[in-house]
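1. sequence isn't available, so here's the structure alone:
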């Protein structure tokens, strides 16, 4: 590890030497900064193959420092993304190919309902969500597909790790955080102390 003015490895000693709140604030800012860089790295790789927004990826990335070792940070990539975030489009779908409308203007035509399609991967065509529909900002489906009175449940797509599909990308983000976090911390703490001393 390079030598920094304020070494993250001596976090407890720094808290004794300076105000605890200043040290914690510097660490919080450093974590935010490193998290943003990690999000950019992962986002670039993910969006090259999947129909997902950079903001949705960044929102699900967080970094927390290790309880026993302040030099280490854990990158959490969240749960599976709601399917509604994969470019949903409504379309008419047949309810049952063997059933027709018995009366009304569409008499004799196939029975239909509003369904929804999504495009998860950019290299594959849009997919129909079986039994699903788009309502209130979510893609839903009956918990029991054979029971129209059963509770609607949200449908989810892949998680960020699943979309990346490459452990080396996550590891690269972890390495970035391990290298960037100490530098960010040292710079942030120096800024806070200089500001309090009236040197800024």
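-> Now that the structure is in, tell me what you want to look at. In this text, all values refer to a predicted model and were calculated from it rather than measured experimentally. Numbering: from 1, shown residues only.
2. what about residue 75, neighbour count?
-> Taking other Cβ atoms under 10 Å as the neighbour definition, residue 75 ends up with a count of 20. Every residue, glycine included, has its C-beta placed from N, CA and C.
3. again with residue 188
-> When neighbours are defined as other Cβ under 10 Å, residue 188 has 22 of them.
4. residue contacts, it?
-> Residues in contact with residue 188 (Cβ atoms under 8 Å, 6 or more residues apart in numbering) are 25, 26, 27, 29, 30, 33.
5. and the fourth one, helix, strand or coil?
-> Secondary structure, DSSP: H, G, I helix; E, B strand; the rest coil: residue 29 is helix.
6. excluding chain neighbours, what is closest to it?
-> With Cβ to Cβ, 6 or more residues apart in numbering as the measure, residue 188 is the residue that lies nearest to residue 29, at 4.5 Å, once sequence neighbours are left out.
7. look at the one you found and give its secondary structure.
-> On the basis of three-state DSSP, residue 188 is classed as helix.
8. give me the spatial nearest neighbour of the most centrally placed residue in the chain, chain neighbours excluded.
-> Nearest to the centroid of the C-alpha atoms of the chain, with distances taken as Cα atoms, centre = their mean, sits residue 60, at 2.9 Å. Ranked by Cβ to Cβ, 6+ apart and with sequence neighbours excluded, the top spatial neighbour of residue 60 is residue 78, at 3.4 Å.
9. state the distance from the one you found to residue 54.
-> Taken as Cβ to Cβ, to the nearest Å, the spacing of residue 78 relative to residue 54 amounts to 14 Å.
10. same check on residue 158?
-> Distance check for residue 158 against residue 54: by Cβ to Cβ, it reads 16 Å.
11. out of those two, which sits in the busier spot?
-> When residue 158 and residue 54 are compared on other Cβ under 10 Å, the one with more neighbours turns out to be residue 158, at 18 against 14.
12. before we move on, back to that, my guess is the residue nearest to the centre of the chain meets residue 80, correct?
-> No: applying Cβ atoms under 8 Å as the test, residue 60 and residue 80 come out as separate, 9.7 Å apart.
13. for the residue nearest to residue 60, helix, strand, or coil?
-> For residue 78, the reduced secondary structure class is coil; criterion used: three-state DSSP.
14. model confidence score at it, please.
-> Reading off the per-residue confidence, residue 78 sits at a pLDDT of 77.
15. do the same with residue 198
-> pLDDT, the model's per-residue confidence, is 83 for residue 198.
16. use 59 as the first number for this chain going forward.
-> In the new numbering, first residue 59, that becomes residue 256.
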